[in-house]
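*Asks:* Generate coordinates for the sequence data below:
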Amino acid sequence: MSSLPKKRFYTLDEYFALVRESDERYEYWDGEIFCMSGGSKEHSIIASNLIRCIGNLLAQSNCQVFTSDLAIKVPTAPPFRYADVSIGCGDLEFEEIGGIDTLVNPIMLIEILSPSNKRFDRNAKFALYKSIPSFMEYLLVVQNQPCITQFVKQKDGSWRPSETTQLENSIYLPSIGLALQLSDVYQRISV
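*Replies:* Residues are numbered from 1 along each chain as shown. So this is what the prediction gives:
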């Protein structure tokens, strides 16, 4: 009879040392560490398209787009999380957590969905992100077909969902006051 390997639990200090010394991105969940790297080529292309397009749209603004390398402080999920793309505007606030520069006040977070993470990103991770006071807009981008689900925080604290699925359409991003073309997001993706 074989036995299953025991899970190893890490201290926060061990986790911070790993993050500081590694080129990989890891998230910490109650003593367990999960590697966040290694997405598909479609994931990488879409992330690159989003960063380029949004970065170009924001070039003359007081907003900044960030890659998945930047840690995000999530009050209900310490110490921090990583989004595929994050955007902050105005006076950006950073907190050093375990030697890692962590963005405190993102206004928009974007996750690129894969079959393995789509349920988690749509539900559990979104629920955690909602604890960020500055957070106002969430985009979920499907990898293998044109589909972006957008959640926009309303004045009463509720989140209004909408979905855009046509390459010829654009999606208005109220948190940054700009429109994003789906054809730009899915450029070089076979859909």
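*Asks:* Report the buried residues of the longest helix anywhere in the chain.
*Replies:* The longest helix of the chain (DSSP state H) is helix 41-57. For helix 41-57, the neighbour count (16 or more other CB atoms under 10 Å) marks Glu42, His43, Ile45, Ile46, Ala47, Asn49, Leu50, Ile51, Cys53, Ile54, Gly55, Leu57 as buried. Glycine gets a C-beta too; all of them are placed from N, C-alpha and C.
*Asks:* residues contacting the nearest residue to Gln145 once chain neighbours are set aside?
*Replies:* Counting by CB to CB, 6 or more residues apart in numbering, Gln145 lies nearest to Val191, which is 5.4 Å off, once chain neighbours are set aside. By CB atoms under 8 Å, 6 or more residues apart in numbering, the residues touching Val191 are Asn144, Gln145, Pro146, Leu167.
*Asks:* If we use 10 Å, what do you get?
*Replies:* Glu42, Val142, Gln143, Asn144, Gln145, Pro146, Cys147, Leu167, Leu182 (CB atoms under 10 Å, 6 or more residues apart in numbering).
*Asks:* Check the gap between it and Leu182 for me.
*Replies:* 10 Å (CB to CB, to the nearest Å).
*Asks:* can you check Arg8 too?
*Replies:* Arg8 is 42 Å from Leu182, by CB to CB.
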